[in-house]
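Novice: Below are the sequence and a predicted model for it; my questions follow.
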Amino acid sequence: MSLLLKNGFGYLAGKFQDLNVLIENGRVESLNQATTADNIIDLQHALITPGLIDVHVHLREPGFTNKETIKTGSSAAAHGGFTTIGAMANLNPVPDNAQQFSQQIKLNQSGAVKIKQYAPVTKQRQGQACVNFGELKNAGAFAFSDDGSGIDNARVMFETMQQLAHLHMPLCDHAQDMNLTNAGVINAGPTAQKLGVPGVNNVSETAQIARNLVLAQATGVHYHVCHVSTKESIELIRIAKANGINVTCEVTPHHLLLDDTDIVEDNAQFKMNPPLRSQEDRLACVAGLMDGTIDLIATDHAPHTDREKQLGLLESPNGIVGSETAFALLYTKFVKTGIWPLENLIEWMSGAAKRIFKLTNVGQLKIGDPADVAVFDLEHAATIDAGQFLSKGHNSPFIGQQVYGMTVLTLVNGQVVYRRK
Ligand SMILES: NC(=O)N[C@@H](CC(=O)O)C(=O)O
Ligand SMILES: [Zn+2]
């Protein structure tokens, strides 16, 4: 069976051009010659991109399936145009041994998109005893992360980096020194003061990155910083890169789009970790991406129940959903306004992750590649509506916003995993 995606346009050979993508046996057969196929979908001049890649999501299964499941989380990803996602290990049980990890990989196969599974760095993600890295690499770990928690013990981090350097595996760091967070629930600053809640200082992130950059340099490990959020962190990473340290980092859509001045009342839809920082920090994130200090965009999709998020800033858990809104929000805010070239956004949301994490079996809209493809409607406005989410989580600060660039179609290995009704 062949499928032709007709009358689209996409970025090819350095420019945007009309595309007619022919897919056969799950692979891209040609990009602009075909006129017929067994099945034809007329894209009506929508944008075709390589399937987006999100290296930072929380799928919650097993352990927290009231918040999300592999099925709902991966369907949400497909709805956002993502065809490959990196799933974090803050699950219950934590997949911290080969048997549990293999079980997790099996569970992940029920997903609508390709799921790369992170292994934890320490047993039970407690930051104390390291997992057996070699065993988990062999079981299929794509990278290691204790995401959700920082690793406060420098010796644990140093030994981890030594071993992962040896195994050629990335260490993905949720950089946060728990001794410095001051039990904060939003960014430290005027907004926290006004609302009368404790604030998280920038140094809780940046100090740990500083230490870890030193350790990364000493070990040569690929050190990847998850959801970077402070201007000081970005400046340190900029200097580290200039000095040849093997560091990469990601930024979330919300740290590019929002800052703590957007929090006008006690509303936990604005509570996540790291918190929305100051406007200066937000602008540093945008500048860091544009000058190459920040390598890619990842959503940190972190679903929680409606009930949990109604608890208010002090009591509710950290995190917001992101899979289903990321591309449209960023397209609308930064591309439609002329701030970013469209091809950069596509690179930051797909190609960069494939390159940096050396992802295999992930298509990039090249002839012979697996047909992992996304199609976006740049012409018509839509309103972000939690009722349309396929995620179990509705915890988004962006509900009600008008955007362009909603997903029309998502294919994984040539199979339709999302199609707009
Ligand atoms: N990013 C978040 O705000 N929450 C994440 C964990 C985490 O990274 O803290 C979650 O799993 O809910
Ligand atoms: Zn995190």
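Specialist: Right, received. Where do you want to start? Ligands and ions are numbered 1, 2, ... in the order given.
Novice: Show me what from the stretch 51-200 of the chain comes close to ligand 2.
Specialist: D147, H174 (Cβ under 5 Å from the ion). Quick note: C-beta positions are derived from backbone N, CA and C, even for glycine.
Novice: Break down the stretch 51-200 of the chain into its strands, ranges please.
Specialist: Assigned by DSSP state E, counting those that start in this stretch, the stretch 51-200 of the chain shows strands spanning 52-57, 82-87, 114-119, 143-144, 171-173, 186-187, 199-200.
Novice: Which neighbouring elements make contact with the first one?
Specialist: When you say that, I think you mean strand 52-57. helix 70-79, strand 82-87, helix 326-330, helix 352-356 (3 or more Cβ pairs under 8 Å, 6 or more residues apart in numbering; DSSP states H and E).
Novice: Nearest to K231, out of the strands of the stretch 51-200 of the chain?
Specialist: strand 186-187 (12.2 Å; Cβ to Cβ).
Novice: Where does the stretch 301-421 of the chain get nearest to ligand 2, which residue?
Specialist: Relative to ligand 2, the nearest point of the stretch 301-421 of the chain is A302 (8.0 Å; Cβ to the ion).
Novice: now the stretch 151-300 of the chain
Specialist: Closest point on the stretch 151-300 of the chain to ligand 2, by Cβ to the ion, is H174, at 3.7 Å.
Novice: residue contacts, the residue nearest the centre of the chain?
Specialist: Centroid-nearest residue in the chain: A298, 2.4 Å away (criterion: Cα atoms, centre = their mean). Shown in contact with A298 (Cβ atoms under 8 Å, 6 or more residues apart in numbering): D54, V55, H56, G86, C226, H227, E250, V251, T252, A353.
Novice: What about those, which one has the most neighbours?
Specialist: With neighbours taken as other Cβ atoms under 10 Å, the top of the contacts of A298 is V55, carrying 30 neighbours.
Novice: residues touching it, list them.
Specialist: Here V55 is in contact with I85, G86, K116, A143, C172, E250, L296, A298, A353, F357 (criterion: Cβ under 8 Å, 6+ apart).
Novice: same check, this time on Q310
Specialist: A268, S316.
Novice: Helix or strand: which one has I209?
Specialist: Element membership for I209 (DSSP states H and E) is helix 203-219.
Novice: mind listing what's buried in whichever helix or strand comes after that helix?
Specialist: Next helix or strand after helix 203-219 toward the C-terminus (DSSP H and E): strand 223-225. Of all the residues in strand 223-225, those buried under the rule 16 or more other Cβ atoms under 10 Å are Y223, H224, V225.
Novice: Dump these to JSON lines, plus distance to L276 and pLDDT.
Specialist: Shown next, in JSON lines, are the buried residues of strand 223-225 (distance: Cβ to Cβ, whole Å; pLDDT from 0 to 100):
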{"residue": "Y223", "distance to L276": "25", "pLDDT": "99"}
{"residue": "H224", "distance to L276": "22", "pLDDT": "99"}
{"residue": "V225", "distance to L276": "18", "pLDDT": "99"}
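Novice: just checking, the residue of the stretch 151-300 of the chain closest to ligand 2 touches M157?
Specialist: No - at 11.9 Å, H174 does not count as touching M157 under the criterion of Cβ atoms under 8 Å.
Novice: more crowded one of those two?
Specialist: Neighbour count, other Cβ under 10 Å: between H174 and M157, M157 has more, with 27 against 24.
Novice: With adjacent residues omitted, what lies nearest to that one?
Specialist: Using Cβ to Cβ, 6 or more residues apart in numbering and skipping the chain neighbours, the partner closest in space to M157 is I151 (4.9 Å).
Novice: residues near the one you found, how many?
Specialist: 28.
Novice: what's near enough to touch it?
Specialist: By Cβ under 8 Å, 6+ apart, the neighbours of I151 are V121, T122, G127, M157, T160, D173.
Novice: and the residue nearest to Q103 when sequence neighbours are not counted, what does it touch?
Specialist: Sequence neighbours aside, P95 is the residue nearest to Q103 in space, at 7.2 Å (criterion: Cβ to Cβ, 6+ apart). For P95, the contact set (Cβ under 8 Å, 6+ apart) comprises A89, F101, Q103, Q104, Q117, A119, P120.
Novice: Report how many residues lie close to the third one.
Specialist: For Q103, the number of neighbouring residues by other Cβ under 10 Å comes to 15.
Novice: now do the second one
Specialist: Per other Cβ under 10 Å, the neighbour tally for F101 reads 24.
Novice: That one contacts P120, doesn't it?
Specialist: No - the pair F101 / P120 is not scored as a contact, 9.2 Å apart, by Cβ under 8 Å.
Novice: related to what we said a few turns ago, buried residues in the helix holding I209, which are they?
Specialist: Those would be 203-209, 211-213, 215-217, 219, for helix 203-219 by 16+ other Cβ under 10 Å.
Novice: Start and end of stretch 267-278, how far apart?
Specialist: 17 Å (Cα to Cα, to the nearest Å).
Novice: I figured I209 was touching D177, is that so?
Specialist: No - counting by Cβ under 8 Å, D177 is not a contact partner of I209; they are 9.6 Å apart.
Novice: where does L390 land in three-state SS?
Specialist: Taken by DSSP: H, G, I helix; E, B strand; the rest coil, the conformation at L390 corresponds to coil.
Novice: Would you check how far apart it and G292 are?
Specialist: Computed as Cβ to Cβ, to the nearest Å, the L390 to G292 distance reads 33 Å.
Novice: the more surrounded of the two?
Specialist: Using other Cβ under 10 Å as the criterion, L390 and G292 rank with L390 on top: 18 against 9.
Novice: For the closest residue to N395 other than its chain neighbours, which residues are in contact?
Specialist: Distance criterion Cβ to Cβ, 6+ apart; nearest residue to N395, sequence neighbours excluded, is K309 at 4.5 Å. K309 makes contact with A268, Q269, S316, P317, H394, N395, according to Cβ under 8 Å, 6+ apart.
Novice: most neighbours, which of those?
Specialist: N395 (29 neighbours).
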